[in-house]
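Trainee: one predicted model, sequence on top.
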Amino acid sequence: MSWWTTLVGGTLGFMIGGPIGAIIGAALGSNLGGAARWASSGQAASGKGSERAQIAFFAAAFSVMGHISKADGRVTADELRLVSDVMNRFGLTGEQRRAAQALFSQGKSAGFHLNGVLDQLRQECLRGSNIRRVFVEIQFEAAWADGAIHPTEMRVLQHIAQRLGLSAADFIEIERRSRAVNEGHRASSSLDDAYATLGVSPDAPDDAVKRAYRRMMNRHHPDKLAAKGLPDEMMKAATERTQQIKAAWEAVKAARA
């Protein structure tokens, strides 16, 4: 939680500035005092790269989630519950929970600067293509909150992935896996879910399944994501994801033995 302590504990010498800083200032200005003035100035002071990336990821994740929830013209009760579920999944409490809610509200505002936020996130997580994939996966979860992805939401998701530098193949893989999991749970077997988790079809050859497993584990390994800027509070979700991937791999292996 060091990045959070740095931000709200009065140590205002460390700031990230830019569009993300402006959002933080607008969302939390009353709590951070001078931070609101700093954020609006667009200036950034020095700080540890990992802490900068963690703050950028946290602020961008919840504000962009709010933007996506409004993309189809309205924010449903399911989407509001999704935010609460995500906060629970990340173990957010107290001030962090209120901050996430405030950032979500900023994302819903008409003046939300999506491109600026994405560009700054990409800069802060410059060396982390895997963490940018995780960011897009989180946004897909938000889009699925009401049970379906509206065409407008899909266009926004595509734009987010492109702006973050992900390839069309990356986006298709994330979209297919997300759709298989969210649409398939109602009628699929646990083995179908296992294939969906690995991002491969049931008729994929053994070597392709193994490569997919290794690729997924590499992309979602908590230690590697932490080094690229995933906030500590999101480590639990990353760990759960690797456990799901391992369980899927074991299920597929057993079925093919």
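Mentor: Nice, thanks for sending it over.
Trainee: okay, and for the protein, where does confidence drop off?
Mentor: Where the chain drops to pLDDT under 70, the residues are 1-15, 29-50, 126-128, 181, 183-189, 224-237.
Trainee: helices of that one, residue ranges please.
Mentor: Assigned by DSSP state H, the helices in the chain fall at 2-8, 18-32, 34-41, 49-69, 77-89, 94-108, 114-124, 129-143, 151-163, 168-184, 190-198, 206-220, 222-228, 235-256.
Trainee: deepest-packed of those, please.
Mentor: Each of these was scored by mean neighbour count; the highest is helix 49-69, a mean of 24, by mean count of other CB atoms under 10 Å. C-betas here are computed from N, CA, C, even on glycine.
Trainee: distance from the chain centre to it, please.
Mentor: Mean C-alpha position of helix 49-69 versus that of the full chain (CA atoms, centre = their mean, to the nearest Å) differs by 8 Å.
Trainee: from now on call the first residue 18
Mentor: Fine by me, first position is 18 from now on; the one you just mentioned is helix 66-86.
Trainee: packing partners for it?
Mentor: Here helix 66-86 touches helix 19-25, helix 35-49, helix 94-106, helix 111-125, helix 131-141, helix 146-160, helix 168-180, helix 239-245, going by 3 or more CB pairs under 8 Å, 6 or more residues apart in numbering; DSSP states H and E.
Trainee: can you list the neighbours in contact with the fourth one?
Mentor: Surrounding helix 111-125, the residues in contact under the criterion CB atoms under 8 Å, 6 or more residues apart in numbering are 21, 25, 40-41, 43-45, 48, 75-76, 79-87, 92, 100, 103-104, 109, 129, 250.
Trainee: work out the gap between that helix and the centre of the chain.
Mentor: Distance of helix 111-125 from the chain centroid (CA atoms, centre = their mean) equals 15 Å.
Trainee: and the angle from it to helix 131-141?
Mentor: Compare the direction of helix 111-125 with that of helix 131-141 by axes from the mean of the first three to the mean of the last three CA atoms, to 10 degrees and you get 130 degrees.
Trainee: what inclination does helix 111-125 have with respect to helix 35-49?
Mentor: Going by the same axes, to 10 degrees, helix 111-125 makes 130 degrees with helix 35-49.
Trainee: quick one: which of the helices and strands packed on helix 66-86 is nearest residue 194?
Mentor: Closest of the helices and strands packed on helix 66-86 to residue 194 is helix 146-160, at 8.3 Å (criterion: CB to CB).
Trainee: need the contact partners of the closest one.
Mentor: Contact with helix 146-160 is made by 70, 74, 77-78, 81-82, 85-86, 96, 99-100, 103, 138-139, 142, 166-167, 170-171, 174, 177-178, 181-183, 187-188, 191-192, 195, 235-237, 241-242, 245-247, 255, as judged by CB under 8 Å, 6+ apart.
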